[in-house]
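> Whatever this is, show me its structure:
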Amino acid sequence: MRKLLLVVALLMYACTAGAVQFSGTQTGPNVWTYTLTYDPLDNYSICKANTTITISGLSGVVSAGAPTSTDYSNPTANTENLKWTPQVLNAGTTVVWTSSGFGTGNSGVSQHVYGFTITGTGTPGTASFNTSGFARDGTCPTQVLDISGLVAGPTATGGVTVSVPTLSEIALALLGVALLCLGLNRSLRGRFNARR
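Below is the predicted model of the structure:
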């Protein structure tokens with residue numbers, strides 16, 4: 001049983017390993033700048049037509065900007081990975097960047113997209129973000145790489161202070177299988193011991 005739990009734990013780690021990363025920092029009095037990092041072989045708009053990055057829990061956002069540069073040496077990949085369209089929604093409390101490009105090119109190394117921006121008058125703090133549409137080629141829906149978490153931004157009162165980690169659907173399914181196996185093992189052990 002311990003071996004089974006170890007296998008399930010390794011599978012859960014594999015499901016989340018290599019996921020994209022999204023980070024940001026305040027770079028001016030009212031400006032926050034963000035970087036999207038693709039780990040090797042990460043891709044987007046594979047399982048669905050559009051990919052989004054959403055930051056919510058913001059305050060006083062007046063504008064948002066598309067990324068300005070990448071570290072792609074391939075000109076086509078560079079151009080495609082700059083095609084993120086920003087929207088400021090819900091009276092300046094949410095920003096969504098949307099891309100309908102064809103992907104990252106399945107690079108064997110980490111690649112970066114720099115210069116997503118938010119301009120706002122809110123208090124520096126942390127807001128919630130999530131992604132939708134990141135995955136590996138040919139693996140839908142088993143290797144969806146979407147993430148959620150906290151990121152810097154203009155907020156109403158300094159932002160979110162408590163984070164609840166999220167698991168992918170696959171990781172939750174594997175956890176459920178592991179718990180079911182553990183329960184069956186204990187039940188069968190109990191019956192076997194009762195018969196002796």
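
> nearest residue to residue 156 other than its sequence neighbours?
Nearest non-adjacent residue to residue 156, counting by Cβ to Cβ, 6 or more residues apart in numbering: residue 59, 3.9 Å away. (Each C-beta comes from the backbone N, C-alpha and C, glycine too.)

> list the contacts for the one you found?
92-93, 120-123, 154-156 (Cβ atoms under 8 Å, 6 or more residues apart in numbering).

> Spell out the residue ranges of the helices in the chain.
2-16, 75-80, 169-195 (DSSP state H).

> comparing the ones you listed, which gets the lowest mean pLDDT score?
Mean pLDDT is lowest for helix 2-16 out of the helices of the chain, coming in at a mean of 43.

> Centre-most residue in the protein?
residue 147 (2.0 Å; Cα atoms, centre = their mean).

> got the contact list for stretch 22-30?
For stretch 22-30, using Cβ under 8 Å, 6+ apart, the contacting residues are 32-37, 53, 116, 118-121, 124, 129, 131, 147, 149, 151-154.

> Give me the average confidence score over that stretch.
For stretch 22-30, the mean pLDDT works out to 95.

> Give me the buried positions along it.
Buried residues in stretch 22-30, defined by neighbour count with 16 or more other Cβ atoms under 10 Å: 22, 24, 30.

> Kindly report the same for stretch 97-104.
Applying a neighbour-count criterion of 16+ other Cβ under 10 Å, one finds 97-99, 101, 103-104 buried in stretch 97-104.

> how far is that stretch from where the chain is centred?
Chain-centre distance of stretch 97-104: 14 Å, with Cα atoms, centre = their mean, to the nearest Å.

> okay, how far is it across it, tip to tip?
Using Cα to Cα, to the nearest Å, the end-to-end distance of stretch 97-104 comes to 16 Å.
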